[in-house]
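Colleague: quick check, what structure comes out for this input:
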Amino acid sequence: MRVLLFVFILFPLLELALLIKVGSSIGVLTTLLLVIASALVGGFLLRIAGPATAWRARARLLSGEAPEQEMLDGLLMALGGFLLLLPGFLSDVLGVLCLLPFTRHLLRKRLGLRAQRFAQSSTHADHSAGAAQPGQEAPKQSRPQIIEGEWERRDD
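Modeller: Residues are numbered from 1 along each chain as shown. The predicted model follows:
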């Protein structure tokens, strides 16, 4: 909930404050040119990231390997391009962080660890929900209830 509050309320306010501050320091025209240039770079990167990622993933699939690294790289590059498309300097900084290979590697590693923890916690929750407590019976496997019957279609 806090993340949504930040994204929808605080992030645009921070972007606006930063644009005003930069505009007052370097001038309105220069600020507008920087915003437009970053949007053009973001659009260009979005056009390139998709096909390039698809080709790398296809090459990994043909070699018999899972392309999870390429897919995550493509996702981060697309996110970086999208953030560059947004007007503002804070989103541009976050977009560049998603595009740089070093920081993209760190983000990919962190997302992988988070996904592993999530998978372990959901697996642990599944096992603990189905486990019998001491002194209780083991829960029965639930089967779908089947009701047999006959039906007839009548078109009037």
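Colleague: what number of residues are in the vicinity of Gln116?
Modeller: For Gln116, the neighbour count with other CB atoms under 10 Å is 10. All C-beta spots, glycine's among them, are computed from the backbone N, C-alpha and C.
Colleague: report the mean confidence score over the strand or helix carrying it.
Modeller: In the assignment (DSSP states H and E), Gln116 maps to helix 101-130. Here helix 101-130 scores 78 as its mean pLDDT.
Colleague: so which elements touch it?
Modeller: helix 68-85, helix 89-99 (3 or more CB pairs under 8 Å, 6 or more residues apart in numbering; DSSP states H and E).
Colleague: buried set for the shortest one?
Modeller: Going back to what we said before, that points to helix 89-99. 89-92, 94-99 (16 or more other CB atoms under 10 Å).
Colleague: out of those, which comes closest to Ile48?
Modeller: Comparing the buried residues of helix 89-99 against Ile48 with CB to CB places Leu99 closest, at 10.9 Å.
Colleague: how much space between that closest one and Leu83?
Modeller: According to CB to CB, to the nearest Å, Leu99 stands 9 Å off from Leu83.
Colleague: now do Ala39
Modeller: On the measure of CB to CB, Ala39 and Leu83 end up 11 Å apart.
Colleague: tell me, what's touching Leu99 and Leu83 both at once?
Modeller: Common neighbours of Leu99 and Leu83, counting by CB atoms under 8 Å, 6 or more residues apart in numbering, are absent.
Colleague: longest helix in the protein, by residue count?
Modeller: helix 28-62 (DSSP state H).
Colleague: now that helix: how far from the chain's centre is it?
Modeller: 16 Å (CA atoms, centre = their mean, to the nearest Å).
Colleague: likewise for stretch 83-94?
Modeller: Using CA atoms, centre = their mean, the offset of stretch 83-94 from its chain centre is 16 Å.
Colleague: now that stretch: average pLDDT?
Modeller: Computed over stretch 83-94, the average pLDDT equals 91.
Colleague: name the residues that touch that stretch?
Modeller: 11, 14-16, 18-19, 22, 34-35, 38-39, 41-43, 45-46, 80, 95-96, 98-99.
Colleague: of those, buried ones?
Modeller: Buried among the contacts of stretch 83-94 by 16+ other CB under 10 Å: 11, 15, 18-19, 22, 34-35, 38, 41-42, 45-46, 80, 95-96, 98-99.
Colleague: pLDDT wise, what is the residue nearest to the spatial centre of the chain at?
Modeller: The centroid of the chain falls nearest to Leu75 when counting by CA atoms, centre = their mean (6.9 Å). Per-residue pLDDT puts Leu75 at 85.
Colleague: lovely, talk soon.
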